[in-house]
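# give the three-dimensional model of this entry:
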Amino acid sequence: MAFAATLGALTEELIEVITSTSSQSDPGRFNALKESSLRSIRYHNFLRTNQFEVEAKLNGFEEHFRVVNRDGLADALRERLDALAHVSNKWTPDVLQLLLQLEDQPIKKSKLADLELLKEPEESSEPPLKWDDIAKEDGWDQDRDIWKNARFDGDSSDDEYFDDASNISAEDELTSASSTEAHRRLPTDFLVSCEDDGGLDQVRQTQLWRNDAPPKDEAGRPHKIVMTEFQAVREVLFMLNGLGNTLFDAQGNPSLLFQLKHTSWGVYKALLGSFSEAGRQLYVLREFAKHPQHVPLLQVFQEAIQKRLRLFDVEISKLQRQYVDIQEDVIVSIAKVLDDVKPHLQPLACLSDIIYQLQRSKYPHPFHYLELLYDAAEISQLQGNDGVYEFVATLFFECFQVYLRSIRLWMEAGELTKEDKTFFISSSSSQVPKSQVWADQFTLRKTSDGILYVPRFLQPAASKILITGKSVVVLKLLGRYQSTNAQAPEPSLEIGGKFASTYGLFAPFSEVFNDTFDKWMESKHHAASTTLQRTLFESCNLWSALDSLRHVYLMSDGSRSDSFAFAVFNNLDLLNANWHDRFNLTSLAHEAFGALADAHQVSVCVSADGYKDSVNEVRRSVRAGLPFIKIVHRLSWPLRIILSDESLAQYQAAFTLLLQLRRATYVLHKYRFVSDNMSGTEITSTDQSVYYGLRARFLWFCNILHAYFNQLVLGPLITQFHEMLQQAEDVTAMVASHSTFTKKMVGEMCLSGRLDPIRQCILDMFDLTIRLQDARQLESEREQEEVQELSRLSVMSSPMKHRRYLKSDEEEDETFLYEQDKSSMMQDKELSFAEVLSEIRSDFDRHVKFISSGLRGVARASGDSAAGKWDTLAEMLEVGIQGRR
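Coordinates of the predicted model:
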């Protein structure tokens, strides 16, 4: 309450000082002013100056001074800031904020020498030198004759002086003043006597109709004031010029108190309505031209309207001259005036409608009037109104030149105008890595509704404009940028109103604009895009990087891929606990792919999740360990524009599946039997037949997948991708072609989310191959133990032949993992060999049928381009099913 009372007392005092009104002299007005003032003070929305922001800005200036090697200014600023801290008060931040708002390039314009001007001049300890002191010192301060003029005539002596010189000077001054006054002309000398009372009365008589009261008939009903047609023409022309008149108000509304002689009220009212509509439209234009605009795009539109209004005023002045400076007989007719001004009013009426739509639009964009001009040009052309069409189209191109400045700056220099909210390209506020400049640094601005913030007629070209500017930005980062202005002159976008001779009246305006703008844009786009593409292919070795990805990830060279994969599999089979050592894996990759140009940029590691599984689990299943082997191919940042992280992740997924397929093939091919004889008798058991049948069927399944991946998927896709890459017109098309390639590769290799059950079933098949070989190895171990037991108990010394697994390059060496602990890695120890084979055969048939039928169903239900490939793979698998039957 104390604060409110204090605030009320101060407000009353402020009102009395400013308005000289007190509660005693005028209580009503005083109370109204007090209430409005208190309301404004209490609910004001002006925040207090942020003193910390002000301090940060001043410290930033100090740092900037030191960066540009102006330590003297920095020291002076710091000295004064430290001194200010001791004498500051609550208004200090506001004063400093005001000074910061008034600053103008202090880094360039500040001079250390200007600080000397702020110092007070030092007072001299010696007294100042004066003429009085000199006179006293020399002794002529009391000698008055020293100022007299000497006479040098014959009658005078050297000692004579005379005092009448001053009188002569006075007389000369009087004579000069009198002569000047004689020749000086006073304002009254310019008055011209033109007393023509008759002419004045005539003028007054002609203007009496303006102030006459409407006459009344006998019944007291008012009649219209009669006016001549000449008077009506004068009023109409004044109204069209935007001047004050009696017949129309400022907005063009007519006065119904007057009527023409010899003209019916209906005809006069119709004519008056036509001129009133023209006045209303002109009023809209003149009001828009008066209001100041702050956006450059609207300023050029306002200037264009002012220019056309001046041209219209010139035409009206020509009509007025016919009635003022009469050179020949003139017919005074208000209908003829309407016909004369109609061709000049039609284009302005169309322009007035555009401004009316612009003003009624809710939250219009600054470029919205360009869209309205574009639409108006198309409509007027369809209506066959050639004059309005050329008028609006010329105005459109004239205003479009300002909007084109931002487009030209972006496409030529890759730069955006600061604080330009009308342009449809925006830059990220944060700094992004060079490899992400193309994808994340610059984007098309959109509204809150997700609509492109770009004029409708430019939406088809917005993407190409963005691509061109980004190409220039990347070329600058690569040091390969060359200005397009120095290479060739750009096509002109100024039509100059010659549509009929240049394009013909029947050429649609949209085609006229698109043809003109496309030629201009292509001159910028082609040069930047071609230069960047050539730089990526030639200087950044894009082809070499793609070739490396094909060899490393897609295993296009089987011998090199097998060299790496088999070394990893061998460590797993040896139960090497350090199989995931990244240095060892990278060394294996360098040995396998050493012939590639950039093999040194390849590294291999196992992600953290791969360490959770033991080596026994990794050996028994392709789902453990192998999916966590990651190939890292270090690429230069320009290549990362084309080869994005997303596409490299898809390469990694393909590599994992191919590695798992090679694991299954490796297990089936690695070991063989040296002999199937035991005790001199051949083994022809059913288990052996079932085993070899299953092994053959697994080999068939793996070979089917090898052929499908290499011949039907990767081979055609790589060829198609190379063709698309060569035909791409810009970097965005290159990125799109590579993205399309990786997406098709993932889809056709059954790696997409929809085919995940089928992919899991394929992995189950790979695990079955490992289970089959483990079961056969376990059976071999059991047979060897039986043979050894029989040898120990037998008294016969007959030689015995053993069966065992050997590597493909061995002859009669020890068996596989002879010295390893095989009990922990073998599966199905509780089941007999026949039972395991029966389960594997059942699972094989079930999985193959599921994969085949699943691919068929997905291919029929999907409209994907990969559906044909899936159907082909299903047919290939069905051949094996039918053969089994």
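
# alpha carbons only for contacts and neighbour counts from here, please
Noted.

# got a list of what residue 454 touches?
By CA atoms under 8 Å, 6 or more residues apart in numbering, the contact set of residue 454 is 423-424, 445, 462.

# in a markdown table: the residues you listed, plus distance to residue 735 and neighbour count.
Formatted as a markdown table, the contacts of residue 454 follow (distance: CA to CA, whole Å; neighbours: other CA atoms under 10 Å):
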| residue | distance to residue 735 | neighbour count |
| --- | --- | --- |
| 423 | 25 | 21 |
| 424 | 22 | 19 |
| 445 | 21 | 18 |
| 462 | 18 | 19 |
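
# how about those in CSV, adding secondary structure, pLDDT and distance to residue 840?
Below are the contacts of residue 454 laid out as CSV (DSSP: H, G, I helix; E, B strand; the rest coil; pLDDT from 0 to 100; distance: CA to CA, whole Å):
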residue, secondary structure, pLDDT, distance to residue 840
423, coil, 87, 66
424, coil, 88, 63
445, coil, 88, 59
462, helix, 90, 60
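
# in the chain, which helix is the longest?
If you go by DSSP state H, the chain has its longest helix at helix 756-793.

# run the chain-centre distance for that one.
Centroid separation for helix 756-793 versus its chain: 62 Å, with CA atoms, centre = their mean, to the nearest Å.

# who does it touch, helix- and strand-wise?
helix 615-620, helix 645-670, helix 686-707, helix 833-861 (3 or more CA pairs under 8 Å, 6 or more residues apart in numbering; DSSP states H and E).

# return the most buried member of the ones you listed.
The highest average neighbour count among the helices and strands packed on helix 756-793, using mean count of other CA atoms under 10 Å, belongs to helix 615-620 at a mean of 20.

# that one - contacts with which helices or strands?
With contacts taken as 3+ CA pairs under 8 Å, 6+ apart, helix 615-620 sits against helix 558-573, helix 756-793.

# for residue 371, which of those helices is the nearest?
The closest of the helices and strands packed on helix 615-620 to residue 371 is helix 756-793. By CA to CA, the value is 49.4 Å.

# got the angle for the closest one vs helix 686-707?
With axes from the mean of the first three to the mean of the last three CA atoms, to 10 degrees applied, the angle from helix 756-793 to helix 686-707 works out at 140 degrees.

# tell me the angle helix 756-793 makes with helix 645-670.
Relative orientation of helix 756-793 versus helix 645-670 (the same axes, to 10 degrees): 30 degrees.

# and helix 756-793, which residues are buried?
758-781, 783-784, 787 (16 or more other CA atoms under 10 Å).

# among the helices and strands packed on helix 615-620, where is the model least confident on average?
Of all those, helix 756-793 carries the lowest average pLDDT, namely a mean of 81.

# test my guess that residue 246 contacts residue 235.
Yes: counting by CA atoms under 8 Å, residue 246 touches residue 235, with 6.9 Å between them.

# then stretch 855-870 to PDB, C-alphas only?
The C-alpha atoms that make up stretch 855-870 are tabulated as PDB, following Å, rounded to 0.1, in the frame of the first residue of the first chain:
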ATOM      1  CA  LEU A 855       9.000 -64.900 -50.000                       C
ATOM      2  CA  ARG A 856       6.100 -65.800 -52.300                       C
ATOM      3  CA  GLY A 857       3.600 -64.100 -50.000                       C
ATOM      4  CA  VAL A 858       5.600 -61.000 -49.500                       C
ATOM      5  CA  ALA A 859       6.300 -60.700 -53.200                       C
ATOM      6  CA  ARG A 860       2.600 -60.900 -54.100                       C
ATOM      7  CA  ALA A 861       1.500 -58.500 -51.300                       C
ATOM      8  CA  SER A 862       4.200 -55.900 -51.900                       C
ATOM      9  CA  GLY A 863       4.500 -53.400 -54.600                       C
ATOM     10  CA  ASP A 864       8.200 -53.000 -54.000                       C
ATOM     11  CA  SER A 865      10.700 -53.200 -56.900                       C
ATOM     12  CA  ALA A 866      12.400 -56.100 -55.000                       C
ATOM     13  CA  ALA A 867       9.300 -58.300 -55.200                       C
ATOM     14  CA  GLY A 868      10.400 -59.800 -58.500                       C
ATOM     15  CA  LYS A 869      13.800 -60.800 -56.900                       C
ATOM     16  CA  TRP A 870      12.000 -62.300 -53.900                       C
END
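
# residue 279: what's it in contact with?
239-240, 251-253.

# in helices, which of those residues fall?
If you go by DSSP H, these have 239-240 in helices.

# would CSV of the contacts of residue 279 with distance to residue 652 be doable?
Below are the contacts of residue 279 laid out as CSV (distance: CA to CA, whole Å):
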residue, distance to residue 652
239, 78
240, 76
251, 73
252, 75
253, 77
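
# and the contacts of residue 279 as TSV, adding distance to residue 661, neighbour count and pLDDT?
Converted to TSV, the contacts of residue 279 look like this (distance: CA to CA, whole Å; neighbours: other CA atoms under 10 Å; pLDDT from 0 to 100):
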residue	distance to residue 661	neighbour count	pLDDT
239	90	25	86
240	87	24	87
251	85	18	80
252	86	23	78
253	88	16	82
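
# for residue 359, which of the helices and strands packed on helix 615-620 is the nearest?
helix 756-793 (57.0 Å).

# what's the closest of the contacts of residue 454 to residue 561?
residue 462 (45.0 Å).

# please tell me how far that closest one sits from residue 469.
Using CA to CA, to the nearest Å, residue 462 is found at 11 Å from residue 469.

# for the protein, what spans make up the strands?
Remark: strands assigned in the chain by DSSP state E are 149-150, 161-162, 225-227, 258-260, 425-427, 442-444, 602-606, 629-633, 671-673, 677-678, 681-682, 805-807.

# how about low-confidence regions in the stretch 701-850 of the chain?
For the stretch 701-850 of the chain, applying pLDDT under 70 flags the ranges 786-830.

# try 80 this time
By pLDDT under 80, the low-scoring segments of the stretch 701-850 of the chain are 779-833.

# cool, the stretch 1-150 of the chain as well?
Those would be 1-5, 7, 20, 39-48, 108, 112-150, if you go by pLDDT under 80 across the stretch 1-150 of the chain.

# which stretches of it form helices?
Per DSSP state H, counting those that start in this stretch, the stretch 1-150 of the chain carries helices over the ranges 2-19, 27-42, 51-67, 71-87, 92-102, 106-109, 131-138.

# pipe the ones you listed into TSV and attach distance to residue 341 and mean neighbour count per row.
Shown next, in TSV, are these (distance: least, CA to CA, whole Å; neighbours: other CA atoms under 10 Å):
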stretch	distance to residue 341	mean neighbour count
helix 2-19	52	13
helix 27-42	51	14
helix 51-67	60	15
helix 71-87	67	13
helix 92-102	51	14
helix 106-109	56	11
helix 131-138	81	11
